[in-house]
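**Student:** Below are the sequence and a predicted model for it; my questions follow.
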Amino acid sequence: MKKYLALVWMGVLALSTASMALETSDRELMLERGREWFANDYVSADALASLRTQKQDGTWENIKYKKGSTPMDHLTNIRAMAIRYHQEKNGALKDSLKSAVILGLTYWYDHNKDFVNDNWWTNDVGVMLEINPVAFLLWNELPQNLQQKIIASNPEKSSGNATNKSWLAENVVIRGILESRDSLITQGIRDIAEGMSVTKKEGHQKDHSFFMHGNLLYNGGYGKVSLAISAKWAVITRGTPFAFSDDALSSMASLALDGTRWMMWKNMVDPMIMGREISRKAGNKNATGWLPILKDLMKADPSRQKDYAGWANSIETKTDKVLRGCHYFNIGEMMVCRSNDFYTSLMMSSWRNFGSEFLNRENKKGLWLGMGVLSLYKTPDDYKNIQALWDWSRLPGTTTFNESELTEKRITNNNNYAGGLANGNFGVAAMISDRPKLYSQKSWYFIGDKIVALGSYIESSHDSPISTTIDQRLVHSKVLTTKGDVKDNTPVETNRVWCDGIGYASLDNAMFKVTKQKKTGNWRDIGTLNEEESANVLTIEEDHGVKPQTGSYAYLIDFSANRVKFFRKRYSFLFANTNDYHAVYDKASMTLAGAVFGKSEIKLNKYSLSFSEPCIFYLQKTKDQYALTLMEPTRKKESLEVSVDVSGDKSPDFGKTQKVAFDKAGTPVNLYFSLK
């Protein structure tokens, strides 16, 4: 019996030892994968220059070590030397690099209590983004006292929401790997993966937009960081007990492929999805920064490798032959319409989300962001670095007065009317733009390669003139009007403008003011970078005068305008823009679309429609029926009553009032009218 028990115990011990060996192997595998990842990460410092100029106490002469601030360049130099150490083959140089890294880290931990920053992110995240890669690259070479200090610098649990939580969760994982604590690895990976899940808080929204700092659209900034962290650790943990689940990979793919990819075009990331980062030059506005993330996503999720590879190819080749048509983000309140030949986005807001933020001295003039900014691209460089040159009181598509300073931390629209619908190459969107001293009703109709923009009920008590800016863009060609070429610094009034393959036409015979000028600006006027920018800028605007009460506009944008034929071309759109509703009829597609701002009866061409409540709609004819699609933009009404009639066509339901129930806020509803 004793012999039997001894054998059993030996078996249990053997299994336990095997399990421990397996776990140790998994941690070593993740440490090695992390080492390879960090060795290939970008670093701004020069490793050999840092080695040559390091002083005997581990510091550098050109870095300011000031109490109460954080000398991040010190840590960046150390990380650069650690990366070079990992790559170096020369033994003597390798030893010198190791000694320099240890010397620099020793100085840091001897003085880091003096380097506490006012910004929590710098202390808890920024510092560790520099130190943790060094730990992975030289872990077995570091003295035990430095190992313990690095471990203690990383948290045992994460906190916060969305990207902030992902940053901290990554440090929890790293502590778990370095300290051989599987519970921390499990917890940290869980928190990172949950950051990809759909939420009603900050983070990944149901429509695959990404919110941060409240409900502020941030797919291109914080959303990019969250995806990058998730993709990195999905790669590092693959094939281990800590690997991302299929559901986590699916959520990650949805945010990337069904969300952010729509907001990027060729090698450009739409500046409208970057929050305050719009005031930074280049950076995240360049899509090439996504290539390493896509590389990780392909490794982490081979089942979607083709989609990620196609996305990467569009960035590298500056073509986009996959994503076409219109897509509306009903939570992010953004419309995107695109083809290989053009890209346009409309950025709206309501009191459900924020239109802009002013934080850390960035985005000082973003007062009108989110108030109907309409970006028009024929090439990815059409607005490249124009932000330092913009007149921020005249953002493309917005109706504004002559102020742009953002004095509040965050600002939004004071109205809850904002929404849109998209179907193939067609889209309609509308908002009520409501700010102190200025109110306007705005709608846009995206019809193939053309856009119709309508405005009404423009009312202001502000003392400065009110204007609608049709565009404010960089100039790469001649600017042509009905009166000939536009000369520099010589404003022209006209009702048609052509520039860089885009045509702008007034639909109500109102005159545009067109100005082309060489502009110079400095990024410090809107952010923190002290660098000048200079380029030719075209501004097209329509003046509504001082204190208008019933102002309006109607104009068209043509992405395929021929520079000669455009000025005599007649467009087939019928439209109406009253204070109660806007409507546009496209003869080519037999589509009627509109925005209803209150109880209304619409009569346009052969169509008669009535609505009991605000809505956005389109009515399309097929072979044997009409289909009416509508959504409720205020997200407050549970139902509305509607009737439809079309002269010349017969349907049993024409002319009848029908009740439409909105089961879910913002979700489109369809009604069908069968023809006899």
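**Tutor:** Yep, that arrived.

**Student:** Tell me how the protein divides into domains.
**Tutor:** Per automatic domain parsing, the structural domains of the chain span 26-153, 181-322, 324-568, 580-676.

**Student:** Could I get the ones you listed in JSON lines, plus columns for mean neighbour count and mean pLDDT?
**Tutor:** (Each C-beta comes from the backbone N, C-alpha and C, glycine too.) Formatted as JSON lines, the domains of the chain follow (neighbours: other C-beta atoms under 10 Å; pLDDT from 0 to 100):
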{"stretch": "domain 26-153", "mean neighbour count": "17", "mean pLDDT": "96"}
{"stretch": "domain 181-322", "mean neighbour count": "21", "mean pLDDT": "96"}
{"stretch": "domain 324-568", "mean neighbour count": "20", "mean pLDDT": "97"}
{"stretch": "domain 580-676", "mean neighbour count": "17", "mean pLDDT": "94"}
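
**Student:** Of all those domains, which one is nearest Ile174?
**Tutor:** For Ile174, the closest of the domains of the chain is domain 26-153, at 5.0 Å, according to C-beta to C-beta.

**Student:** picking up where we left off before, out of the domains of the chain, flag the one nearest Val173.
**Tutor:** Closest approach to Val173 among the domains of the chain (C-beta to C-beta): domain 181-322, 3.5 Å.

**Student:** distance between the ends of the closest one?
**Tutor:** Start and end residues of domain 181-322 are separated by 45 Å (C-alpha to C-alpha, to the nearest Å).

**Student:** how far out from the middle of the chain is it?
**Tutor:** Chain-centre distance of domain 181-322: 11 Å, with C-alpha atoms, centre = their mean, to the nearest Å.

**Student:** would you list the domains of the chain in JSON lines and tack on distance to Asn164?
**Tutor:** What follows is those, written out as JSON lines (distance: least, C-beta to C-beta, whole Å):
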{"stretch": "domain 26-153", "distance to Asn164": "8"}
{"stretch": "domain 181-322", "distance to Asn164": "8"}
{"stretch": "domain 324-568", "distance to Asn164": "14"}
{"stretch": "domain 580-676", "distance to Asn164": "27"}
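
**Student:** Nearest spatial neighbour of Phe244, chain-adjacent residues omitted?
**Tutor:** Ala234 (4.4 Å; C-beta to C-beta, 6 or more residues apart in numbering).

**Student:** give me phi/psi at that neighbour?
**Tutor:** Main-chain dihedrals, Ala234, degrees, to the nearest 10: phi -70, psi -30.

**Student:** Could you do the one 10 residues further on as well?
**Tutor:** Backbone dihedrals for Phe244, given as degrees, to the nearest 10, come out at phi -60, psi 140.

**Student:** Which residues are in contact with it?
**Tutor:** Residues near Phe244 by C-beta atoms under 8 Å, 6 or more residues apart in numbering: Ile189, Ala193, Ser230, Trp233, Ala234, Thr237, Arg238, Met252, Ala300.

**Student:** which of those residues lies closest to Arg524?
**Tutor:** Of all those, the one sitting nearest Arg524 is Ser230; the distance, using C-beta to C-beta, is 34.2 Å.

**Student:** which residues touch the residue nearest the centre of the chain?
**Tutor:** Among the residues of the chain, the one closest to the centroid is Ile273, at 2.7 Å (C-alpha atoms, centre = their mean). Going by C-beta under 8 Å, 6+ apart, Ile273 touches Leu217, Tyr218, Asn219, Gly220, Gly221, Gly223, Thr260, Met263, Met334.

**Student:** In contact with Glu333, which residues?
**Tutor:** Contacts of Glu333 (C-beta under 8 Å, 6+ apart): Leu217, Met347, Met348, Ser349, Ser350, Arg352, Asn353, Gly370, Ala418, Gly419, Gly420, Met431.
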